[in-house]
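Asker: what's the 3D shape of this:
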Amino acid sequence: MYHMPDKSVGEKIKATRLEGFQVLVISGSDHVEFLQGQLTQDLATLKTSGTSLAGWASAKGRLLAAGQLIAAGDEIWWPLPADIIKGVAKRLQMFVLRADVKIVISTTPISGLFGLDGQDQLRIAGESVQIGTGPTRLADHSLVVGVVGDPDRAWLIGPTAETTRFKPADESTWILQSIRTGLPFIVATTQELFIPQMLNLDLIGAISFDKGCYVGQEIVARTQNLGRIKRRMYRFTTDQATNLPPGAGLYGPGNATGKVVIFSEQGTRGELLAVLPIEDASGAWFADQARNIKLNNQPLPYQADPGTSGELT
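Answerer: Prediction:
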């Protein structure tokens, strides 16, 4: 991390209200132990970094949610797509039993900040904010934290997300940047379609293979240890106007098929993350069964090596 002069968010850094996301707040004296038994991540990482990536899978190892955990005092905040958050909260609650755990969907506003360009300090609403050292609380209890794996972005959660003057951006730009950095999330139409390794969660540091038991661990560990990772997530662009909602099918060599994870339409172009068979990933892929809308394979910022685990570079 290198130092740059402070920037005023209102002058230099773009932001967008993330209407498509809400924050799941998990608290209570047993909340860390509870989540440790549910998520793919070792929550001990939150003690040192204050934030980390994680996934939540079913007993069959299929992802129900994925994203960034944020330590916020005696709570853990988890920004999730609005179309799954109620279901995630309800299903997590089923496992609480007698534990002292409270699960609440927050109504606090969320904004995404762009254009940090790797800087580690900026000013928001007159306050100096350190990025890259974990979550920072503002005077009104809003929280700012950098996006893990993307030095250009940060989450801004709380009242300041509504009151600070930003240079505006569109929410689709936030999704586009998630695509370009290879940081996936799950929506309603992709729940239980993918095991964590298919979305490269092992490659971005969102899976701990050393922690104790959690839901779906047997499938995740077996896939990793036996080298049976047959599908991975790749990035594509298309130069033709089309709509590829998450979960839509893609068509490759022979009878090979894939699934869209995230899609962002940019005028007459589009960008997407998609899960494909590894052995067919380098072949020709199309957005339609008639094979008229060609997809162009693009690099990710990390090596999608099917044989190893790794971290973001």
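Asker: helices of the stretch 151-300 of the chain, start to end?
Answerer: Ranges of helices in the stretch 151-300 of the chain, per DSSP state H, counting those that start in this stretch, are 160-163, 171-180, 217-225.
Asker: pick the most buried one from those.
Answerer: When you average the neighbours per residue for each of those (mean count of other C-beta atoms under 10 Å), helix 171-180 leads with a mean of 20. For glycine as for every other residue, the C-beta is placed from the backbone atoms N, C-alpha and C.
Asker: can you list the residues that contact that one?
Answerer: With C-beta atoms under 8 Å, 6 or more residues apart in numbering as the test, helix 171-180 has contacts from 14, 16-20, 112, 114, 150, 152-153, 184-185, 235, 262-266, 271-273, 301.
Asker: right, and the helices of the stretch 151-300 of the chain - which one's nearest Asp100?
Answerer: Within those, the stretch nearest Asp100 is helix 217-225; the backing value is 23.7 Å (C-beta to C-beta).
Asker: what residues does the closest one touch?
Answerer: Outside of helix 217-225, the residues within contact range by C-beta under 8 Å, 6+ apart are 40, 57, 60-61, 195-197, 202, 207, 209, 228-229, 309.
Asker: hmm, try it at 6 Å
Answerer: Gly61, Pro196, Gln197, Ile229 (C-beta atoms under 6 Å, 6 or more residues apart in numbering).
Asker: same deal with stretch 290-297?
Answerer: Under C-beta under 6 Å, 6+ apart, the answer for stretch 290-297 is Phe236, Thr237, Thr238, Gln240, Thr242, Trp285, Phe286, Ala287.
Asker: tally of neighbours for the closest residue to the last one other than its chain neighbours?
Answerer: I take that to be Ala287. Once flanking residues are discounted, Ala287 sits nearest to Ile293: 4.0 Å by C-beta to C-beta, 6 or more residues apart in numbering. Neighbour count for Ile293, taken as other C-beta atoms under 10 Å: 18.
Asker: coming back round to it: out of the contacts of helix 171-180, which are buried?
Answerer: When the contacts of helix 171-180 are checked for burial by 16 or more other C-beta atoms under 10 Å, the buried set is 16-18, 112, 114, 150, 152-153, 184-185, 235, 262-265, 271-273.
Asker: starting at the chain centroid, how far to stretch 96-110?
Answerer: 20 Å (C-alpha atoms, centre = their mean, to the nearest Å).
Asker: and what of stretch 16-26?
Answerer: How far stretch 16-26 lies from its chain's middle: 12 Å, per C-alpha atoms, centre = their mean.
Asker: list of residues touching it?
Answerer: The contact list for stretch 16-26 (C-beta under 6 Å, 6+ apart) reads 75-80, 82, 85, 89, 103-106, 110-112, 157, 169-171, 174.
Asker: need the buried ones from those selected in PyMOL.
Answerer: Per 16+ other C-beta under 10 Å, the buried members of the contacts of stretch 16-26 correspond to this PyMOL selection:
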select buried, resi 75+76+77+78+79+80+85+89+103+106+110+111+112+157+169+171+174
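Asker: what about the contacts of stretch 16-26, which are in helices?
Answerer: When the contacts of stretch 16-26 are checked against helices (DSSP state H), the matches are Ala82, Ile85, Ala89, Glu171, Trp174.
Asker: can you list these in TSV and add pLDDT and distance to Val96?
Answerer: Formatted as TSV, the ones in helices among the contacts of stretch 16-26 follow (pLDDT from 0 to 100; distance: C-beta to C-beta, whole Å):
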residue	pLDDT	distance to Val96
Ala82	98	22
Ile85	99	17
Ala89	99	11
Glu171	92	32
Trp174	95	31
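Asker: burial measure for the closest residue to Lys211 other than its chain neighbours, as a count.
Answerer: Nearest residue to Lys211, sequence neighbours excluded (C-beta to C-beta, 6+ apart): Asp42, at 4.1 Å. Residues near Asp42, counting by other C-beta under 10 Å, number 17.
Asker: what about Asp42, distance to Ala206?
Answerer: Between Asp42 and Ala206 the computed distance is 11 Å (C-beta to C-beta, to the nearest Å).
Asker: again with Thr237
Answerer: Distance from Thr237 to Ala206, counting by C-beta to C-beta: 25 Å.
Asker: same check, this time on Glu162
Answerer: For Glu162, the distance to Ala206 - C-beta to C-beta - is 30 Å.
Asker: buried stuff in stretch 62-79?
Answerer: Under 16+ other C-beta under 10 Å, the buried positions of stretch 62-79 are 62-72, 75-79.
Asker: related to what we said a few turns ago, can you lay out the ones in helices among the contacts of stretch 16-26 as TSV showing distance to Pro277?
Answerer: As requested, the ones in helices among the contacts of stretch 16-26 are exported to TSV (distance: C-beta to C-beta, whole Å):
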residue	distance to Pro277
Ala82	31
Ile85	31
Ala89	34
Glu171	31
Trp174	29
